[in-house]
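Asker: turn this into a structure:
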Amino acid sequence: MNAFGTAKARLVYAALLRRGWSLRRQSGSHRVLEREGWPDYVFAFHDGDEIGPRMMSRVAKHTGLTPDDL
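Answerer: As a prediction, the model looks like this:
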C-alpha cells in the first residue's frame, strides 16, 4: 500500500525546498533542483497539477521526501 495520497504540485515543491532542495535552474515548468549528496532532480509539474500516489512515491524515492513532510 502507498503511504502517499494526492497532493498539489506547489505543495510538494514547497516541501522539497523545506527539506533542503534548492532551485538550480528553470525552463518553463521544468525546475532542476539540487541538494548536496543527491543527484539533481527535475521537477516537471505545473503548480496546479495534482500529483497522484504512484508519482508521489517516485518523487519520494529520488528526493527523500516523506508523507510527514507534506
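Asker: F45 contacts I51, correct?
Answerer: Yes. In terms of Cβ atoms under 8 Å, F45 counts as a neighbour of I51; the distance is 6.3 Å. (Each C-beta comes from the backbone N, C-alpha and C, glycine too.)
Asker: give me the common contacts of the two.
Answerer: Residues touching both F45 and I51 (Cβ atoms under 8 Å, 6 or more residues apart in numbering): A9, V12.
Asker: all helices of this protein, in order?
Answerer: With DSSP state H as the criterion, the chain has helices at 9-18, 53-63.
Asker: just put those in JSON lines and tack on distance to H30.
Answerer: What follows is those, written out as JSON lines (distance: least, Cβ to Cβ, whole Å):
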{"stretch": "helix 9-18", "distance to H30": "12"}
{"stretch": "helix 53-63", "distance to H30": "14"}
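Asker: export those to CSV and append columns for mean neighbour count and mean pLDDT.
Answerer: Formatted as CSV, the helices of the chain follow (neighbours: other Cβ atoms under 10 Å; pLDDT from 0 to 100):
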stretch, mean neighbour count, mean pLDDT
helix 9-18, 16, 96
helix 53-63, 16, 94
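Asker: low-confidence ranges in this protein?
Answerer: Counting by pLDDT under 70, the chain contains low-confidence ranges at 1.
Asker: what's around the closest residue in space to L33 that isn't next to it in sequence, how many residues?
Answerer: Nearest non-adjacent residue to L33, counting by Cβ to Cβ, 6 or more residues apart in numbering: W21, 4.4 Å away. Number of residues near W21 (other Cβ atoms under 10 Å) recorded here: 21.
Asker: swap in the one 3 residues further on?
Answerer: R24 is flanked by 13 other residues according to other Cβ under 10 Å.
Asker: what's it in contact with, if anything?
Answerer: V32, L33, E34, D40.
Asker: which residues does the residue nearest to L33 contact?
Answerer: Residues counted as contacts of W21 (Cβ under 8 Å, 6+ apart) are L33, E34, R35, W38, Y41, T63.
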